[in-house]
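*Asks:* whatever this is, show me its structure:
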Amino acid sequence: MKENKEGFITRSLHAPFPKNDAYNALHMPVYDGVAYEFDSAEDIADVFAGNKVAHAYSRTSNPTVEYFEHKMKAVTDAHAVVALSSGMAAISNVLIALVENGGNVVASNHLFGHSYALLKQTLPALGIEVRFADMTDMEKVAEQTDELTRVYFFETITNPQLEIVDISRLSELAKQKNVAVVCDSTITPPYVFKSMQFGVDVEVMSTTKFISGGAAAFGGVVVDNGLFDWSKLPAMKEWVVDYNKNALVARIRKEIFRHLGGTMTAHTAHFMNLGLDIMALRVDRCVDNCKHLSAYFDSHLKIVSSNYPGVNSHESFDLAQEQFSSKPGAVMTFDLESKEACFQFFNRLKLIRRATNLNDNKTLCIHPESTIYAEFSDEEKVSMGIRPTMMRLSVGIEEVEDLINDFKQALDF
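*Replies:* Down below sits the predicted model:
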């Protein structure tokens, strides 16, 4: 792994442009153009044949998007990065690329609702079997693994259960089984989680969250750490012949991404470029607010229980400290005595926003059982740890005293 002397923010701010800007702009311009002209028939033929790298059409590559990928590579030390239109596009592109018809994925039984639905409904319709397991129990993961298992898929911190996997142990098991480790690290962005150090082969993230700079735009990213031998996966063998370590990125760009159309726009990439520069500052503020709020929750009689991995009382506190640089995201949950109490509290909020996103600059609150997981059966909700008494909080960068004051008045019913 490449060692960097500069810090995270410095690397992001000073990542060089792939090409010098004609006007020496300090920020990468927004290239809204769709098509790009070539000097000769030979030049454009070389690009389409893959013999030369250049932008030809913005649905497949764009200078502003390329720079965002370049910045992400600089701050993660990754082998390669691909930007896409959303976090769900990143997840689906990777899994479809890596798993053939008849292969299977072993996935965490605790996932964000839409990710769970993709694995439960869409992938099986494409001939990909999905087996759900408790990713905190390596024996159960091993029991679900066989010679057709291609990927272990999990969230670094599950949303909203806030469960944490021992990633190093899972990676060791994956190496024994020749399985690729793919994690959704949206809640733990690269400033706090160095995925390569824990044996993760591929990261997917919703850049809509921390990276966009405060819910300015939605997007996703695939980060290939260059650790896995793609020739071990049947779906990738023909791509390894021509592209070797670049096989995953090549398949996404030249087949999956290109055919399904998950393009990140230039304007979106512009927001991501700006947001990445200040992400670490926002993360630090959000985590500090979480710790203060957790202390307040513990003291309030109407809050039955609260859950945040950044406090000593959390069962995975030590693991969170080790894996996430003592900054385990800015998502918290708390339980009230009943669903009715949750709705009463929810309706009384004045400062905190009733909304479903994560890692906005504003603090957001939602009742997961009646919203994100509304389409699932009661049995499925129970199996995923979704309770009618649970509220999820995405903590922003406001002064924490103002957040606590809003909680005080909202809980006064």
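*Asks:* pretty sure Asn109 is touching Ala133, no?
*Replies:* Yes - counting by C-beta atoms under 8 Å, Asn109 touches Ala133, with 6.2 Å between them. To be clear about C-beta, it is placed using only N, CA and C from the backbone, and glycine gets the same treatment.
*Asks:* elements contacting the longest strand along the chain?
*Replies:* The strand that spans the most residues within the chain, counting by DSSP state E, is strand 149-155. Here strand 149-155 touches helix 87-98, strand 104-108, helix 167-177, strand 180-184, going by 3 or more C-beta pairs under 8 Å, 6 or more residues apart in numbering; DSSP states H and E.
*Asks:* just put those in TSV and tack on mean pLDDT and distance to Tyr116.
*Replies:* Compiled in TSV, those are given as follows (pLDDT from 0 to 100; distance: least, C-beta to C-beta, whole Å):
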stretch	mean pLDDT	distance to Tyr116
helix 87-98	97	11
strand 104-108	98	8
helix 167-177	98	19
strand 180-184	98	11
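*Asks:* about what we covered before: give me the distance from the longest strand of the chain to the chain's centre.
*Replies:* 14 Å (C-alpha atoms, centre = their mean, to the nearest Å).
*Asks:* picking that back up, rebuild the helices and strands packed on strand 149-155 as a markdown table, extending it with distance to Val47 and mean neighbour count.
*Replies:* Formatted as a markdown table, those follow (distance: least, C-beta to C-beta, whole Å; neighbours: other C-beta atoms under 10 Å):
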| stretch | distance to Val47 | mean neighbour count |
| --- | --- | --- |
| helix 87-98 | 22 | 25 |
| strand 104-108 | 35 | 25 |
| helix 167-177 | 37 | 18 |
| strand 180-184 | 30 | 26 |
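*Asks:* so can I have JSON lines of these showing distance to Ile366?
*Replies:* Compiled in JSON lines, the helices and strands packed on strand 149-155 are given as follows (distance: least, C-beta to C-beta, whole Å):
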{"stretch": "helix 87-98", "distance to Ile366": "17"}
{"stretch": "strand 104-108", "distance to Ile366": "21"}
{"stretch": "helix 167-177", "distance to Ile366": "27"}
{"stretch": "strand 180-184", "distance to Ile366": "19"}
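*Asks:* among the ones you listed, which comes closest to Met279?
*Replies:* helix 87-98 (15.5 Å; C-beta to C-beta).
*Asks:* helices or strands up against the closest one?
*Replies:* strand 80-84, helix 113-117, strand 149-155, strand 180-184, strand 202-206, strand 220-224, helix 247-251, helix 257-260.
*Asks:* if we go to 7 Å?
*Replies:* If contacts are counted by 3 or more C-beta pairs under 7 Å, 6 or more residues apart in numbering; DSSP states H and E, helix 87-98 sits against strand 149-155, strand 180-184, strand 202-206, strand 220-224.
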